[in-house]
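Peer 1: quick one, what's the 3D model for this:
(chains A and B, ligands or ions: 2)
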2 protein chains.
Amino acid sequence: MKPVKVGLCGLGTVGSGTFNVLQRNLNEISARASTPIELSHIGARRDNPACDTTNYQLSRDIFAVVDDPEVDIVVELIGGTTVAKELVEKAIANKKHVVTANKALIAEFGNELFAKAQEQGVCIAYEAAVAGGIPIIKAMREGLAANHIEWLAGIINGTGNFILTEMRDKGRDFADVLKEAQELGYAEADPTFDVEGIDAAHKLVILASLAFAMPLQYDKVFCEGISTVQPVDVKYAEELGYRIKHLGIARRRDEGIELRVHPTLIPHKRLIANVDGVMNSVLVQGEAVGPTLYYGAGAGAEPTASAVIADIVDVARAISSNAATVPALGFAPEYLQDHVILPIDAVETAYYLRMSALDKPGVMNQITQILSNAGASIEALIQKERESESQDHVDVALLTNSVLEADMKSAIEQIEALDSISGQVSRIRMEALG
Amino acid sequence: MKPVKVGLCGLGTVGSGTFNVLQRNLNEISARASTPIELSHIGARRDNPACDTTNYQLSRDIFAVVDDPEVDIVVELIGGTTVAKELVEKAIANKKHVVTANKALIAEFGNELFAKAQEQGVCIAYEAAVAGGIPIIKAMREGLAANHIEWLAGIINGTGNFILTEMRDKGRDFADVLKEAQELGYAEADPTFDVEGIDAAHKLVILASLAFAMPLQYDKVFCEGISTVQPVDVKYAEELGYRIKHLGIARRRDEGIELRVHPTLIPHKRLIANVDGVMNSVLVQGEAVGPTLYYGAGAGAEPTASAVIADIVDVARAISSNAATVPALGFAPEYLQDHVILPIDAVETAYYLRMSALDKPGVMNQITQILSNAGASIEALIQKERESESQDHVDVALLTNSVLEADMKSAIEQIEALDSISGQVSRIRMEALG
Ligand SMILES: NC(=O)c1ccc[n+]([C@@H]2O[C@H](COP(=O)([O-])OP(=O)(O)OC[C@H]3O[C@@H](n4cnc5c(N)ncnc54)[C@H](OP(=O)(O)O)[C@@H]3O)[C@@H](O)[C@H]2O)c1
Ligand SMILES: NC(=O)c1ccc[n+]([C@@H]2O[C@H](COP(=O)([O-])OP(=O)(O)OC[C@H]3O[C@@H](n4cnc5c(N)ncnc54)[C@H](OP(=O)(O)O)[C@@H]3O)[C@@H](O)[C@H]2O)c1
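Peer 2: Ligands and ions are numbered 1, 2, ... in the order given. Model (predicted):
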């Protein structure tokens, strides 16, 4: 049988992991693909000491891989949306299948790339782009094919989850843990992508398209990072029976789709609330199957390589049996349909609020009244004791039922305007996920 | 496009769920398959009030479905290994693809059925046979294709997990909870399949074959049920930081494969230890990806239907693009290879032991000595206080490190023979799953 030939572009973290796992397990992997797979060309502008490429054809110009007539599958692992985009476009133009781990590229340019690939009769596989080694794309696209998906929620950025876990376990503050994460190599020197939720937004928009049969709409995702989460909120959340997680949430409502990344209180009893450290997890609510959850490493050389290679195997199997692969977004393209993405003001969710309130009779009544006018009732409350005679304000932390974000915003403005409230109200969204 | 025609045999729990989900979501499902799917023939020896079959061709003789020249895919949902086997064989002989939820049939007769299917160029898909709605077969067979699998452990029987969860949460005893489970309809009137672990063994052997590239060897699974688990053990386990779960475990060792179903202490911090009630979960350790976990409903009409229909979509896609489906056990059949399945005496695991010991100096020394001779050291210990003057024996519960089962057996015999020990030693295996 003619082997399926793989060209690997990029020998960084994921590239070297892919190289090493392919080398180590090639027999088993070929047996799973039912067809021999061969790593036939590597493109890397410099060597990576983690990889012994002596016995491989290697080009310093990564575009040589794409132009190699022998190569069937181009694996793009350079990252970014400039050269990577050019590389993928060239691969498609040359009628080569593409495997990539590049969530930015897919989230931002997926629609046009998928269309080009379809024209050329090749596919773009991107299992590694969401939640690293967890086979979540396959689960959503194939495993849950019977289901009308209602919502999904994911811990899809390991760095953010590591920071929140440390903040909870050790009462540390954000900046302090971030520094450690950078030293450990989890977070980039510029950690914006991770902690401001951009990376999570890239992944969420992909999951949402798979769930709701719509083209990718990255610019519509609402995105709030974790840098404003205070240790005191982590503590009060815990007292109330909740954990704070940085979630990507996509929910189908009659009015449109909610698509949002933000810190979220979730009941500590939920399995996903117990996903700690750098691990990732996605919870999907299907209308037939109910909730299913997927957990694993969301990053790292070999976990991510695991997903890259799963794609290579799928594509190799399709090549060798002359078959079509599953459509890029899980549905026949003509079935995809734009949906209204709701602005954050139109989102409905429950809330955690924390404020510093004058410790005197009547104040709680004022707060309750304002919330009630906004349609929010108080579901749980912590009111701290004064620690000294001289202290006249105390912390109040409360949970509300689900209301419209716009209404909650105006309620918070009114609460902040009260004489009895000092400073700003901290607000974190809350989801029961049940 | 010519629709792919599905014949449904059996309208019981799963059959009716499959009928209803197919009816409700047929457009979305066809769009996912990129090909129209049609439910064209139903075989049911009597009506099911949950299904309105008025507009469908219905035969009282389920074999009429298999003999219908129009039908492309036969969905076997009658259960058992007699008529179901005949039905599947007939379907294969008629060159029809088969989708089934029947774990007993696959575990016990999968090898011969897969071979027959291969000869005829059709496939047998069985996602619903393991862990209900969780797409675990697909994850193992395709999503983790890059990995050399090291071990897996699963909560793969919902009834058993419900019973153990109730025992822990409410301190109830086994017989009492079993009665309730039967009243709730979770457990069969004859609960042996669930509580003795036979159902779990069926599923485990399937997962193990997918993990280790070997033919199914159902008769080699070691199987111990949960009927001997005492509330007191649940309580002591909890005090020691562990939960008792009924696990199916498959592990690759140099000497051979461990394949065992039994009550197991696991650290309560592990995610899988927090999978409660009727829910199922499988934890898989791949050498590239590390641990991944899959969670969801392991049974029920529509969750199981979700898996059945995922298979229908896969097969329909293959039919419409004239492609081969993934091999039944994930590997090209010629790659499958018998491995030695280790007898339980050759298994290596840690242990929880509970005994009633005379409360006097020197007794613990004797126990420690016997264990030490067997290669076991005591990792944690609870020694209860006497509750009255007249009581001369006290409960001792302890955890050991990992040793050979044969050695532990003989150590237990020696401990039971001590004058200072009254009655039998309770023994539950323990796994760190880390
Ligand atoms: N790291 C993870 O855990 C992870 C997880 C999931 C997905 N991903 C995605 O996987 C992709 C790769 O990430 P990574 O972590 O492996 O990145 P990385 O370690 O920075 O590796 C990128 C590699 O691409 C090369 N490269 C970059 N730009 C190039 C260019 N213009 N021409 C030639 N070579 C170029 C780099 O070469 P030099 O070394 O010479 O700069 C480097 O070898 C990204 O899309 C990322 O989002 C990563
Ligand atoms: N229930 C679950 O949650 C679940 C989950 C995963 C897998 N499964 C598997 O799915 C399969 C079906 O289970 P189920 O729970 O749906 O069983 P069920 O409710 O007992 O339904 C079985 C159906 O098959 C029919 N049937 C049985 N023997 C037949 C025969 N010889 N000829 C014609 N019809 C026959 C029965 O008809 P009558 O009503 O006339 O007897 C009934 O309609 C089994 O293999 C089971 O292990 C079940």
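Peer 1: run the chain-centre distance for stretch A:183-190.
Peer 2: With C-alpha atoms, centre = their mean, to the nearest Å as the basis, stretch A:183-190 stands 18 Å off its chain's centre.
Peer 1: before we move on, what about stretch A:422-434?
Peer 2: Worked out by C-alpha atoms, centre = their mean, stretch A:422-434 lies 21 Å from the chain centre.
Peer 1: repeat that for stretch A:338-348.
Peer 2: Taking the mean C-alpha point of stretch A:338-348 and that of its whole chain, the gap between them comes to 19 Å (C-alpha atoms, centre = their mean).
Peer 1: start to end distance for that stretch?
Peer 2: Chord length of stretch A:338-348, first to last residue, is 21 Å (C-alpha to C-alpha, to the nearest Å).
Peer 1: OK, contacts around residue A:47?
Peer 2: Contacts for residue A:47 (C-beta atoms under 8 Å, 6 or more residues apart in numbering or on different chains) come out as A:11, A:53. No exception for glycine: its C-beta is placed from N, CA and C like everyone else's.
Peer 1: could you do the one 10 residues further on as well?
Peer 2: Taking C-beta under 8 Å, 6+ apart as the definition of contact, the neighbours of residue A:57 are A:40, A:41, A:42.
Peer 1: who in the stretch 51-200 of chain A is up against ligand 2?
Peer 2: Residues of the stretch 51-200 of chain A lying close to ligand 2 (C-beta under 6 Å from any ligand atom): none.
Peer 1: what about the stretch 51-200 of chain A, any weak spots by pLDDT?
Peer 2: Filtered on pLDDT under 70, the stretch 51-200 of chain A yields no residues whatsoever.
Peer 1: I'd like the contacts of residue A:57 as a markdown table, with secondary structure, neighbour count and pLDDT appended.
Peer 2: What follows is the contacts of residue A:57, written out as a markdown table (DSSP: H, G, I helix; E, B strand; the rest coil; neighbours: other C-beta atoms under 10 Å in any protein chain shown; pLDDT from 0 to 100):
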| residue | secondary structure | neighbour count | pLDDT |
| --- | --- | --- | --- |
| A:40 | strand | 19 | 98 |
| A:41 | strand | 23 | 98 |
| A:42 | strand | 24 | 98 |
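Peer 1: from these, pick the one nearest ligand 1.
Peer 2: Closest approach between these and ligand 1, by C-beta to the nearest ligand atom: residue A:42, at 10.7 Å.
Peer 1: that closest one: what's it in contact with?
Peer 2: By C-beta under 8 Å, 6+ apart, the contact list for residue A:42 reads A:7, A:8, A:9, A:11, A:19, A:53, A:56, A:57, A:58, A:59, A:65.
Peer 1: same question, residue A:120
Peer 2: Contacts of residue A:120 by C-beta under 8 Å, 6+ apart are A:92, A:93, A:95.
Peer 1: rerun that using 6 Å as the cut-off
Peer 2: A:92, A:95 (C-beta atoms under 6 Å, 6 or more residues apart in numbering or on different chains).
Peer 1: how about the one 4 residues further on?
Peer 2: With contact set as C-beta under 6 Å, 6+ apart, residue A:124 has these partners: A:98, A:113, A:117, A:328.
Peer 1: and those residues, which is closest to residue B:299?
Peer 2: Residue B:299 lies nearest to residue A:328 out of the contacts of residue A:124, by C-beta to C-beta, at 33.0 Å.
Peer 1: quick check: domain ranges of chain A?
Peer 2: Annotated domains of chain A cover A:4-133+A:301-335, A:136-296, A:346-430 [automatic domain parsing].
Peer 1: would you turn those into CSV with distance to residue B:85?
Peer 2: Output for the domains of chain A, formatted as CSV (distance: least, C-beta to C-beta, whole Å):
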stretch, distance to residue B:85
domain A:4-133+A:301-335, 27
domain A:136-296, 26
domain A:346-430, 51
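Peer 1: what's the closest of those domains to residue B:417?
Peer 2: domain A:136-296 (43.3 Å).
Peer 1: residue A:313: which of the contacts of residue A:124 is nearest?
Peer 2: Nearest to residue A:313 among these: residue A:98, at 14.8 Å, using C-beta to C-beta.
Peer 1: that closest one reaches residue A:88, doesn't it?
Peer 2: Yes. Residue A:98 lies in contact with residue A:88 (C-beta atoms under 6 Å); the separation is 5.3 Å.
Peer 1: quick check: residue A:73 touching residue A:6?
Peer 2: Yes. Using C-beta under 6 Å, residue A:73 makes contact with residue A:6 at a distance of 5.0 Å.
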